[in-house]
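Trainee: What shape does this take:
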Amino acid sequence: MEQEEDVGLARTDNDSWEITESVGATALGVAAARAAETRSENPLISDPFAQVFLDAAGDGVWNWHAAPQLPPELVEAEPTLPLQMQSMVGYMASRTAFFDEFFLDATRAGIRQAVILAAGLDARAWRLPWPDGTTVYELDQPRVLEFKASTLAEHGAEAACNRIAVAVDLRQDWPTALRQAGFDPSAPSVWSAEGLMPYLPAAAQDLLFERIQALAAPGSRVAVEALGPKFHDPEIRAERRARMDRLRALMAQVEPQREIPRTDELWYFEEREDVGDWFARHGWEVTVTPTDELMAGYGRRVPEEVEDRIPGNLFVSAQRVRAVP
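Mentor: Reported below is the predicted structural model:
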């Protein structure tokens, strides 16, 4: 799970947050990118609810991708910054499209239980064309789920499925909470872990997968936005931090009321098992798509000048084909 030093407190074992704090603010940041893509000239995705969340939350660091023109001083200091921001919106759009298609493919195959882990401001329960009889379980902190549901209700939006909010911290016994909410572990299910892995220590990542394994019947599917080699590269990490420190200092001078988000203080840079390997070891048929391949496939190829600024994550999709003791 996540938390943000710039808009909240440092990580603690049992921390929680409002939507405008910590992890909640990162969810709003992703919503800002989805909103920017939705209103673009040739959008890859359509998420009409992203802007609704931003309007309800008000202005804040999360509006970076929805911000007006950048100060010329920033562009002069970092000429590729506009291209980098555009490419990050393309990344978020490609990521969204990947998980959208993954869920819909699973429902076309007959799966009627979907589980969105760390759901944040994911509005798939409202915006995807779910088949009749589909139940979507959304797991996240209580205040995050409440903000999402109440904001969309005030907007007159209704879920397009049987949406069940499971208000639970993923560090707690969420499998019990999920079963108590009606989830049937004997029937196939489809799972997503999007935008979650950097915020989990290595041991927590293993525990998450072990819990999915215990609940996923044969025929179940899972998709994970997994960390790639770039994430653990100390040179890339140091260069990213130095660049962001420079830009944040300059922004504080020219437009002190605006803030540039920095989320890497929330991340756990621990070595961990490759996600695809973990699922393959446990009886799943695995497909891995690198970020550059995914984005190129969606017509969002990253320009060479900013390739090192875009997450080098791996999009892992898997189907459980056998039981493993």
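Trainee: From here on, just use CA atoms for contacts and neighbour counts.
Mentor: Will do.
Trainee: what's the spacing between residue 218 and residue 136?
Mentor: 19 Å (CA to CA, to the nearest Å).
Trainee: any weak-confidence spans in this structure?
Mentor: By pLDDT under 70, the low-scoring segments of the chain are 1-24, 59-68, 260-262, 323-325.
Trainee: Tell me which residue lies nearest the centroid of it.
Mentor: Per CA atoms, centre = their mean, the C-alpha nearest to the average position across the chain is that of residue 195, at 2.7 Å.
Trainee: Confirm that that residue sits in a helix.
Mentor: No - counting by DSSP: H, G, I helix; E, B strand; the rest coil, residue 195 is not found in a helix; it is coil.
Trainee: Show me the helices in the stretch 101-250 of the chain, by range?
Mentor: Ranges of helices in the stretch 101-250 of the chain, per DSSP state H, counting those that start in this stretch, are 124-127, 142-154, 174-180, 202-215, 234-254.
Trainee: and the ones you listed, which is most packed in?
Mentor: Here the criterion is mean neighbour count by mean count of other CA atoms under 10 Å, and of the helices of the stretch 101-250 of the chain the winner is helix 124-127, at a mean of 20.
Trainee: and it, C-alpha only, in CSV?
Mentor: Taking Å, rounded to 0.1, in the frame of the first residue of the first chain, the C-alpha atoms of helix 124-127 are listed here in CSV:
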residue,chain,number,x,y,z
ARG,A,124,-14.6,0.3,-14.2
ALA,A,125,-17.6,-0.9,-12.2
TRP,A,126,-19.5,2.1,-13.7
ARG,A,127,-18.0,2.6,-17.1
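Trainee: thinking again about what came up before, residue 218 and residue 136: which has the busier surroundings?
Mentor: Between residue 218 and residue 136, residue 136 has the larger neighbour count (other CA atoms under 10 Å), namely 25 against 19.
Trainee: Check the separation of the first and last residues in stretch 166-173.
Mentor: One end of stretch 166-173 to the other measures 11 Å (CA to CA).
Trainee: I'd like to know which of the helices of the stretch 101-250 of the chain lies nearest to residue 69.
Mentor: Residue 69 lies closest to helix 234-254 among those, at 12.9 Å (CA to CA).
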